[in-house]
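Engineer: Pasted the sequence and its predicted model underneath.
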Amino acid sequence: MTDDGTTAAAGTGTLGYEQARDELIEVVRRLEAGGTSLEDSLALWERGEELAKVCRHWLEGARARLDAALAGPADPGHDAGDAAADAG
């Protein structure tokens, strides 16, 4: 954890989903355990928000890729079927 949170926020850009998720779980665990100062709790909260954004970004990207993969093969197959029906 950094004192000013700047390095922590900058460090989220290179995290993969699993890394961000695991660190977010640890942040939540530490917040729920309590015993930290207000300043440390706020820094943990801010780090958690950044990690949640990273996770959300990865999940939205995965959803878009799945949607594209599911939509992609149906269109060419449908066109090929139409061409075969027209030829026959």
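Structural biologist: Looks like it arrived, so ask away.

Engineer: mean confidence score for the host helix or strand of Val54?
Structural biologist: Assigned by DSSP states H and E, Val54 falls within helix 38-87. Per-region confidence: helix 38-87 scores 83 on mean pLDDT.

Engineer: what's that helix packed up against?
Structural biologist: helix 6-10, helix 17-33 (3 or more Cβ pairs under 8 Å, 6 or more residues apart in numbering; DSSP states H and E). In this view, the C-beta of every residue, glycine as well, is placed from N, C-alpha and C.

Engineer: I'd like to know how far Gly48 sits from Leu24.
Structural biologist: Distance, Gly48 to Leu24, by Cβ to Cβ, to the nearest Å: 6 Å.

Engineer: repeat for Leu70
Structural biologist: Note on Leu70: its distance to Leu24, by Cβ to Cβ, is 28 Å.

Engineer: returning to that earlier point: ranking the helices and strands packed on helix 38-87 by burial, who's on top?
Structural biologist: Most buried of these by mean neighbour count (mean count of other Cβ atoms under 10 Å) is helix 17-33; its value is a mean of 14.

Engineer: residues making contact with that helix?
Structural biologist: Contact with helix 17-33 is made by 12, 15, 36, 41, 44-45, 47-48, 51-52, 54-55, 58-59, 62, as judged by Cβ atoms under 8 Å, 6 or more residues apart in numbering.

Engineer: In ChimeraX, how would I select just the buried ones from those residues?
Structural biologist: Here is the ChimeraX selection string for the buried members of those, based on 16 or more other Cβ atoms under 10 Å:
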select :12,15,44,47,48,51,52,54,55,58
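
Engineer: which pair in the contacts of helix 17-33 spans the largest distance?
Structural biologist: Spanning the widest gap among these are Thr36 and Ala62, at 32.9 Å by Cβ to Cβ.

Engineer: Great, nothing more from me.
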